[in-house]
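I'd like to go over a predicted model; first the sequence, then the structure.
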Amino acid sequence: MLNICFLGKSKFEYDGIGFGDQLGNKVIALICLLALNEKRYLSREKIIGYLWPDSNAEAAKYNLRYNLWLIKKNIEPDKNGHQFLRVDNDCCCINKDYEFECDIFDIIKFKPSNNDSIEGMLKLKQLFRGDLLEGCYFNKCDELNEFIIFERINFEQRKVKILKRLVELYENENNYDSCIEIINEILEIEPYDEEMVLKILDIYAKCGKQVAAITYYNNFSNVLAGSLGISPSYELRNKYKEIRLTLSDCNNDDDLSSEDKRSSMSDKKNIHSDIKILSDCIKNIDYFWISNVIGKIITVADKAYLNQLSKKELLDLSVIQSDILSCLDLNEELDLIATCKREVMGVSIINAFIKLLTNVSHKQSITIVILNSADMDEVSSNMLKYLKRNQIEGLNLIEE
Amino acid sequence: MHADILIKNGRCMTMEERETKDWLAIEKTRIIAMGDGNEYESLVGKDTVVFDAHGKTVLPGFIDSHFHVVQTALNSVSFDLSDVKTHEELGERINEASNSFLGGYIRGIKLNEEQFEEKKFPGRVLLDKYCNNVPVLLNSYEYQVSMLNTYAMLYFKIPFTADGIEMDEKQMPTGIFRKQANAILRTNILKNISESVRRDAISGIMSTLLMNGITTVNAMEGGFMYSDKDAEFIFEHGKEFPIDMVLFYQTMDIEKIKSMGLNRVGGCLYIDGTFGARTAALSFEYADCPGTMGSLRLTQQELNDFVLKCYKNNLQLALYTIGDRAIEMALNAHEYALYQTGITGLRHRLEHVELANEKQIKRAKDLGIIFSMQPTYETYWGGHGKMYEQRLGDKYIRTNPFKEIIDNGVVICGGTDSDITEPRPLLGIHAAVNHPVKQHRVEIYEALKMYTCNGAYGIFVENEKGTLRAGKLADVIILDEDILSVPLNEIEKIKVCVTIKSGEILFNNLG
């Protein structure tokens, strides 16, 4: 069967035997044009416009006839006797009944769906051997060159899409090694894609490979500084800090940065620092820091601490941090929620927050690292002052 | 014992305590004796090569403290397009180049949007009009922008999904690449340059360097806008060339530096950008772009951590700083690292340092930081009506205050930043002596120190080179004038007529 590859150096094989050398670049381009065109059809006039725009009408017609003859001569009918091309006085098209394989068809057909399988995605991935019509440039064929550039952009985007889908599928199967391998392939195409780097750090952290995460971040950070002269994004830096903080719990701090050292020194004062939270601030958004801390406590601390708060207190907190609702039986409380949302006062939220922190720090030491404290909203800032003034035992606050 | 080479009747400036001698003798790779009068006679044998300097200046070989070797070399086989004024003129130059094309692709360099009457970079449609049968790659002055014709768009691996590809109204690439797309494109292109191309290009510039008296360069390679392959090439092959190349690897990857066994890191390790692009970080607004103060590429915390790592690993660090805000940040980081470690004596450097204020100069002195500066910038951009004034307004008079820096005890080592400026230390010496702002001018001796003994100090080789004394490496040059006697405004006309590197006569125009 005929097998055609347009990605990478063009390849034409019949039952495994190559014959592309006998075709020439214009023939290959002609077949590629037909293959990529909707319904695999083009008028003779259009083809001439692509391939011989600067020839006079007679010469162009002759060139087309000759190239069509070359195709007929080199591409045999399929096993059912169908010719590869259908040609008439006006147009040329690839015979839809002709049986053959072509790398770009499957790729074009791809649309992410729930039926995607890893095997299927891997097959598609393997089809990307290089750029479309790699190594081809057609002097004075402006429209054709534009067409190739346009399609190269499309195929590059498709490749990234396919790889990203593969990452999702591997992630669903918790196959993290393969996931990282594919992300690295994406990063070869888009080396500064911080979303992908963030994913890698997440995966490493999930797998308990904090050292690998830190090494990866450092390398990426060097690449970014080396190639673009910039630092990693805010999100990435925070993720990195978070990972380092977890690592600093079990290692000595010889190689820690100053910021980590500060927190690590605080740890030493507070040997049983069981919970460590990285919190963040946004200017002028009331309660943001408090809300952020509550959100983090919910994810790391024992839910029992929340149960020590009354339902009313939990609902008060839920006004600024809706994740609290996951700890409540919503069916029973819906009316109450509505009521409390209307009536809750700032002082109730603050009191509930203090109670939550007191409960947690009573049983476990808790370290809250505050990033970007200069941006802290006013309510949270006053709360922080109160906490510092009253020094709740077991509560350690570190401002960045 | 007879000398291999004798230079007599010279004004041999030892560059030590302003001492001069009449003659100098070399055997093998070393200076074996220096003296006055005719004391040299016993050293002259039948095979001794004798140069009569006729009272002209003899100096240690120049040390160029900031030199992009691979970039200079590759650019030497590129077309300098800095003087074209219109797109049409550019097109004609490219068309001309394509007629003598030998294969590969045409590379044009040193373009600037403002040089064109059209005030914009040319896209591929325009480039195609003048050249569609050869791939054309054009680069802006600081490599922040690349331009390709359509052939090149299909010839190179293009990062089609990256940010920074300029699109036309049909959502097709115009051929102009900036930001990430430019960085990836440049990486793709540079990594495919073979070792032999690099080697040939570097060999090609050796004669120019020797003709200008350069016997040692600080090779600033790798990193942002360059290629790590450049640094790796110099690391592997730097010794194959006739002049000494001291590698400054422009990376923040300390582990890599350690694994390579290097004892220094940096060079153009960017803390800020350039005045030209208005990205140098200033403490005030650009005069020709109110609201813009340039930008810093790292936070203080990030820089502190990096500098601290360098101190802890006993690495000499060279940081790129141009604006006063970047200089401030770098000094803060050094103070922080010094405070944390107590480690001194690593001779850390700030590169360029074009806008240091008096307080910063004093802090640098206290920290033992060297300023690695490029006096030729003043010839190019300094003084009334030039780029510094356009960007900084009245504050242009603050740039490159050499005299104040030296008076405050900070060591300045001089570099050409080739190929941003020509690889001609004598032009740099002229520029330092003839600074457009009178109060910043230095005397000739101080300017010479920048490219000799101070250059040696900047790379810990003052016991080997940078001065003339018996026992030192025979890196020696003879000028065609007595530099102390020519009118100050004519220093740039002086030429090097002999360059001796490690006892080998590698350039000789004296006969």
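Cool, got the structure.

how about the strands in the stretch 201-350 of chain B?
B:214-221, B:244-249, B:264-270, B:316-321, B:349-352 (DSSP state E, counting those that start in this stretch).

check which helices and strands the first one sits against.
Put plainly, it is strand B:214-221. Packing partners of strand B:214-221 (3 or more CB pairs under 8 Å, 6 or more residues apart in numbering or on different chains; DSSP states H and E): strand B:62-67, helix B:69-76, helix B:228-237, strand B:244-249, strand B:264-270, helix B:453-457, strand B:496-501. No exception for glycine: its C-beta is placed from N, CA and C like everyone else's.

quick one on the thing from earlier: mind checking the strands of the stretch 201-350 of chain B for the one nearest to B:Leu298?
Proximity to B:Leu298 (CB to CB) singles out strand B:264-270 among the strands of the stretch 201-350 of chain B, at 8.5 Å.

run through who's touching the closest one.
A:225, A:229, B:66, B:68, B:218, B:220-221, B:223-224, B:226, B:247-252, B:254, B:257, B:297, B:310, B:315-320, B:349, B:351, B:459 (CB atoms under 8 Å, 6 or more residues apart in numbering or on different chains).

and for stretch B:481-495?
With CB under 8 Å, 6+ apart, stretch B:481-495 has contacts from B:11, B:55-57, B:379, B:426-427, B:429-430, B:433-434, B:444, B:448, B:479-480, B:509.

picking that back up, the strands of the stretch 201-350 of chain B: which one's closest to A:Asp15?
The nearest among the strands of the stretch 201-350 of chain B, by CB to CB, is strand B:214-221 at 51.9 Å.

partners of the closest one in the sheet?
strand B:62-67 (parallel), strand B:244-249 (parallel) (DSSP bridges).

could you give the average pLDDT over stretch A:372-382?
Taken as a whole, stretch A:372-382 has a mean pLDDT of 90.

ends of it, what's the gap?
16 Å (CA to CA, to the nearest Å).

which residues does it contact?
Contacts of stretch A:372-382 (CB under 8 Å, 6+ apart): A:280-290, A:346, A:350, A:370, A:384, A:399-400.

spell out which parts of the stretch 201-350 of chain B neighbour chain A.
B:222-225, B:228, B:250-253, B:255-256, B:269-270, B:273, B:297-299, B:301-302, B:304-305, B:308, B:336, B:340 (CB under 8 Å from any CB of the partner chain).

among the helices and strands packed on strand B:214-221, which is the most enclosed?
Each of these was given a mean neighbour count from mean count of other CB atoms under 10 Å in any protein chain shown, and the largest, a mean of 31, is that of strand B:62-67.

what residues are up against the nearest residue to A:Ile203 once chain neighbours are set aside?
Once flanking residues are discounted, A:Ile203 sits nearest to A:Tyr176: 4.9 Å by CB to CB, 6 or more residues apart in numbering or on different chains. By CB under 8 Å, 6+ apart, A:Tyr176 lies in contact with A:Tyr170, A:Ile203, A:Lys206, A:Cys207.

kindly provide the distance from A:Tyr176 to A:Ile162.
Look at A:Tyr176 and A:Ile162: by CB to CB, to the nearest Å, they are 19 Å apart.

can you give me the strands for the stretch 401-511 of chain B?
B:412-414, B:476-479, B:496-501, B:504-508.

for the record, mean pLDDT for the shortest one?
Per-region confidence: strand B:412-414 scores 98 on mean pLDDT.

ok, that strand: who's next to it in the sheet?
strand B:370-373 (parallel).

got it, and the second one?
When pairs are called by DSSP bridges, strand B:476-479 turns out to pair with strand B:57-60 (antiparallel), strand B:496-501 (antiparallel).

also the last one?
Strand B:504-508 has the following strand partners under DSSP bridges: strand B:496-501 (antiparallel).

could I have the strand it pairs with exported to CSV, CA atoms only?
Provided in CSV are the C-alpha atoms of strand B:496-501 (Å, rounded to 0.1, in the frame of the first residue of the first chain):
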residue,chain,number,x,y,z
VAL,B,496,50.6,49.1,17.0
CYS,B,497,53.6,48.1,14.9
VAL,B,498,54.8,45.0,16.7
THR,B,499,52.9,42.5,18.8
ILE,B,500,54.9,39.8,20.7
LYS,B,501,52.8,37.1,22.4
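
pull the residues that contact that strand.
B:5, B:7, B:26, B:51, B:56, B:61, B:210-215, B:242-244, B:426, B:474-480, B:505-510.

now B:Gly35. Its backbone dihedrals?
phi -170, psi -170 (degrees, to the nearest 10).

can you report how many residues lie near it?
16 (other CB atoms under 10 Å in any protein chain shown).

please name the bridge partners of it.
Bridge pairing for B:Gly35 - DSSP bridges - gives B:Trp23.
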